[in-house]
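Visitor: need the 3D shape of this:
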Amino acid sequence: MVAVAVLILAAALDTTAVEKQRGDSVQSLIREESPDVFLAKATLQQYLSRIVRRDWDGVKRLTHPKTRLSPWARRDDELKTFEFKEARSAGPGAVIIELAEDVYHRDSQEMSTGDPAVYFLFKSRGAWLVGDRKPGARLAAVSNDFLRAYPGWVDHQALAQARRSDRPPAKHR
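Guide: Predicted coordinates:
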């Protein structure tokens, strides 16, 4: 009788696992990212990985030409690891991404973990480029109005493409 109870319990747990897996796949579909957010995240992944490796030429190629960011100039802090938290489109040609960063501080010889930071990426020169970083910020606290502080950072080509995709399809006679 105990064996039967164990079998029934195992079957119930198996069913729960399958239902959870189905629920997880539905959740992943709901959370599917737009192509712009996906590509901006891929760019930021490359950018930060190059900072960790200290590949400054690679970092510069992924940095927006109008930015004041210069991680190659900071000698006191070293980015060690990072984790993507949230991301969203902020308008045509702009994406905001929140990360948690682990940073080694040389002066105090200590490691800080999970430090929040928000990165702003812009479509420029036909590619996504890192434009700005706000340490200590959270995505929920950043409104899309931030774009007003960055006039001309998004290529005209990206803006025109966004306008074309927003139009309803033309009707043929």
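
Visitor: all contacts plus neighbour counts: C-alpha atoms, from now on.
Guide: OK.

Visitor: can you pull the contacts of P135?
Guide: D115, P116, A117, V118 (CA atoms under 8 Å, 6 or more residues apart in numbering).

Visitor: weed out the non-buried ones from those residues.
Guide: Buried positions within the contacts of P135, assessed by neighbour count (16 or more other CA atoms under 10 Å), are P116, A117, V118.

Visitor: closest one of those to S108?
Guide: Sorting the buried ones among the contacts of P135 by how near they are to S108, with CA to CA, puts P116 at the top with 19.7 Å.

Visitor: I figured that closest one hits E98, correct?
Guide: Yes. Between P116 and E98 there is a contact under CA atoms under 8 Å: 7.0 Å.

Visitor: list residues touching both of those two?
Guide: Joint contacts of P116 and E98 (CA under 8 Å, 6+ apart) are A137, R138.

Visitor: so which bits of stretch 35-51 are buried?
Guide: Neighbour-count burial for stretch 35-51 flags D36, V37, A40, K41, T43, L44, Y47, L48, S49, R50, I51 (criterion: 16+ other CA under 10 Å).
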